[in-house]
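J.: Pasting the sequence and the predicted model now:
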Amino acid sequence: MNLHPFFCYYGGKWRAAKRYPPPIHQTLIEPFAGSAGYSLRYPARDVILCDLDPIICGVWEYLIRVSAEEIYQLPTKVDHVNDVNAPQEAKWLIGFWLNKGVASPTLTPSAWMRSGIRPNSYWGETIRKRIASQIGSIRHWKIHCQSYEGIENREAAWFIDPPYCGKPGKHYRCKFNDYQELAQWCRDRTGQVMVCEQSGASWLPFEPFAKIKSTPGSRGKSYSEEVFWTKSS
């Protein structure tokens, strides 16, 4: 069983996740959670998500505890998120669906959403129904608002998808630059370790992985060139 995205996020790996090796341990840890695209492919595992962004953590905390009935109470037509009578975390959730592949939730529908070309890809009845139907599958997940350094080193499947190094990483709310320290931390993990990056990164001996379809940017580029490093112990 695999789940579809609960929200869209810049650099998300849901499309690519089926190409990565499957987890070989029951515990699955994503130290840079984002929208947890890899874990969504294996929701029955003991999933532990960590992230420094309080918005990301707030959305996951909300999704893990919210009822389907509460999801169905959210309006399907939203002109401005601040007009929605709902918890802040629900407003963030909706905001991520008003513009695809962004690093921060937006307040109003994007031009792509307003165009109506792909109505079921943005916030509306279809997405609301999807979220409500899936939340029962993540009740056992854990989310921690913390840096990767504080995570206990334990035998697990580690899916490590940090902010992109260099210019592509400028879009994230929580900036990150300690890639050499992260490289050693990745090497020290116990179990199955999988690390993702974009082409051009050199802080680990990455190998070319795949061209992954992504949300088109301002220059029309509709794919990202991904690289990959892995080890097992």
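T.: That came through fine.
J.: I'd like to know how many residues surround the residue lying closest to residue 148 once chain neighbours are set aside.
T.: Using CB to CB, 6 or more residues apart in numbering and skipping the chain neighbours, the partner closest in space to residue 148 is residue 31 (3.9 Å). Where C-beta positions appear, they are placed from N, C-alpha and C, glycine not excepted. A count of nearby residues for residue 31, using other CB atoms under 10 Å, gives 25.
J.: I'd like the distance between the spatially most central residue of the chain and residue 17.
T.: Taking CA atoms, centre = their mean as the criterion, residue 35 is the residue nearest the geometric centre of the chain, at 1.8 Å. Distance of residue 35 to residue 17, computed by CB to CB, to the nearest Å: 11 Å.
J.: Could you pull out the buried residues of the longest strand anywhere in the chain?
T.: Using DSSP state E, we find that the single longest strand of the chain is strand 223-232. For strand 223-232, the neighbour count (16 or more other CB atoms under 10 Å) marks 224, 226, 227, 228, 229, 230 as buried.
J.: so what's the last one scoring on pLDDT?
T.: To tie it back to what came earlier, the one meant is residue 230. The score at residue 230 is 97. That number is its pLDDT.
J.: Show the contacting residues for it.
T.: Residues near residue 230 by CB atoms under 8 Å, 6 or more residues apart in numbering: 21, 192, 193, 194, 195.
J.: just the helices in this structure please.
T.: Ranges of helices in the chain, per DSSP state H, are 14-17, 54-65, 68-72, 88-97, 111-115, 125-134, 179-188.
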